[in-house]
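could you look at this predicted model? Sequence included:
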Protein chains: 2
Amino acid sequence: MSFRETDEIRGVITAAERAMRERDAAGLIGRYSEDVVKFDLAPPLGRSGDDARDVGRQQAWFDTFEGPVDFEVTELSIHVHGEFGWAHSLNRMSASPKGAGFAFEMWFRATYGLRKVDGRWLIAHEHSSTPFYMDGSLRAATDLKP
Amino acid sequence: MSFRETDEIRGVITAAERAMRERDAAGLIGRYSEDVVKFDLAPPLGRSGDDARDVGRQQAWFDTFEGPVDFEVTELSIHVHGEFGWAHSLNRMSASPKGAGFAFEMWFRATYGLRKVDGRWLIAHEHSSTPFYMDGSLRAATDLKP
């Protein structure tokens, strides 16, 4: 494993912290490969390619919040082999929905598949989720902490 | 990309179809590396190592159902480089909870990180999830279909 590659992958993944805080939809999406497959927190099950890289939709999501989206990548574990890697982390997000008068905070799991394209690491697959309670409620477990 | 490696990875991932149907907890868990990190459908956020490979817990989960657990791996996409790979799929599961008198069916997303250990592909990371509705209900979206 090369520390240089690991550092570069860490940089691509944690660049989301700044992009979320600054509500920079283009910056966030510029980290994805053209053929990215995303499994997001919200439906549908998945999106790929241009549909997953829709800057307008990302910006509209940012616009549902007042002020910055606080975002932190923790427990990041990176596995790399040549120009190919995968990683996982536990991420914390906090934001204030417009008009709600409060900020929510939630933790979720993230898994990344990565590829080096023209000398630059890109995210080719991203899977973000919370578990859900199998107690009949089917409630998303947005109240868990690491 | 080697077709042989891709075929072997496909075999390890889809072996879950038989293991689930036959409620074979040891068979299911024997596909994971000793240091596996699992992000499951149910809480907690994650489990790793021996905690993620607990055959007794897996068997107890099987025992909550009447008869076989029907399981299907679809849209499996495999990316492999040397002895290192990742993959994702959309999986369908159907089973009858004991005493419920009905079978549920749900689709979920799965992402896999893989490593070849002593000539055999193992799952070193598995992330399974449904999205959830961001409509205030926080309900897990267990009713989606590909």
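Nice, I can see it.

so who does A:Glu75 touch?
Contacts for A:Glu75 (C-beta atoms under 8 Å, 6 or more residues apart in numbering or on different chains) come out as A:Ser89, A:Leu90, A:Pro146. Where C-beta positions appear, they are placed from N, C-alpha and C, glycine not excepted.

mind doing that once more with 10 Å?
By C-beta atoms under 10 Å, 6 or more residues apart in numbering or on different chains, the contact set of A:Glu75 is A:His88, A:Ser89, A:Leu90, A:Asn91, A:Arg109, A:Pro146, B:Val37, B:Leu45, B:Gly46.

same check, this time on A:Thr64
By C-beta under 10 Å, 6+ apart, the contact set of A:Thr64 is A:Ala95, A:Ser96, A:Pro97, A:Lys98, A:Gly99, A:Ala100, B:Met134.

top of the residues you listed by neighbour count?
The most crowded member of the contacts of A:Thr64, judged by other C-beta atoms under 10 Å in any protein chain shown, is A:Ala95 (21 neighbours).

can I get the contacts of A:Thr64 in TSV including secondary structure and pLDDT?
Listed next are these as TSV, based on DSSP: H, G, I helix; E, B strand; the rest coil; pLDDT from 0 to 100:
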residue	secondary structure	pLDDT
A:Ala95	strand	96
A:Ser96	strand	95
A:Pro97	strand	93
A:Lys98	coil	93
A:Gly99	coil	91
A:Ala100	coil	89
B:Met134	coil	89
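
which one of those residues sits closest to A:Thr130?
B:Met134 (11.3 Å; C-beta to C-beta).

give me the nearest residue to the closest one, chain neighbours excluded.
A:Ala42 (4.9 Å; C-beta to C-beta, 6 or more residues apart in numbering or on different chains).

ok, the one you found touching B:Arg139?
No - the pair A:Ala42 / B:Arg139 is not scored as a contact, 11.6 Å apart, by C-beta atoms under 10 Å.

those two: which has the busier surroundings?
Between A:Ala42 and B:Arg139, counted using other C-beta under 10 Å, B:Arg139 has the larger neighbour count: 17 against 12.

which residues touch the more buried one?
Counting by C-beta under 10 Å, 6+ apart, B:Arg139 touches A:Phe132, A:Ser137, A:Leu138, A:Arg139, A:Ala140, B:Thr130, B:Phe132, B:Tyr133.

excluding residues flanking it in the chain, which one is nearest the third one?
Excluding the flanking residues, the one nearest A:Leu138 by C-beta to C-beta, 6+ apart is B:Ala140, at 4.7 Å.

cool, and the last one?
For B:Tyr133, the nearest residue in space outside its immediate sequence neighbours is B:Arg139; the separation is 4.9 Å by C-beta to C-beta, 6+ apart.

picking that back up, and for A:Ala42 and B:Arg139, which residues touch both?
Common neighbours of A:Ala42 and B:Arg139 (criterion: C-beta under 10 Å, 6+ apart): B:Phe132, B:Tyr133.

give the bridge partners for A:Met106, please.
A:Met106 has these beta-bridge partners by DSSP bridges: A:Met93.

what's near enough to touch it?
Contacts for A:Met106 (C-beta under 10 Å, 6+ apart) come out as A:41, A:91-95, A:130, A:140-145, B:138.

and those residues, which two are the farthest apart?
The distance between the two most remote of the contacts of A:Met106 (C-beta to C-beta) is 18.5 Å, for A:Ala95 and A:Ala141.

tilt between the longest strand along chain A and strand B:65-81?
Identified as the longest strand of chain A according to DSSP state E is strand A:65-81. Strand A:65-81 and strand B:65-81 meet at an angle of 70 degrees, taking axes from the mean of the first three to the mean of the last three C-alpha atoms, to 10 degrees as the criterion.

and the helices in chain A, which stretches?
According to DSSP state H, chain A carries its helices in the segments A:3-21, A:25-29, A:49-52, A:55-62.

nearest to chain B, out of those helices?
helix A:55-62 (9.3 Å; C-beta to the nearest C-beta).
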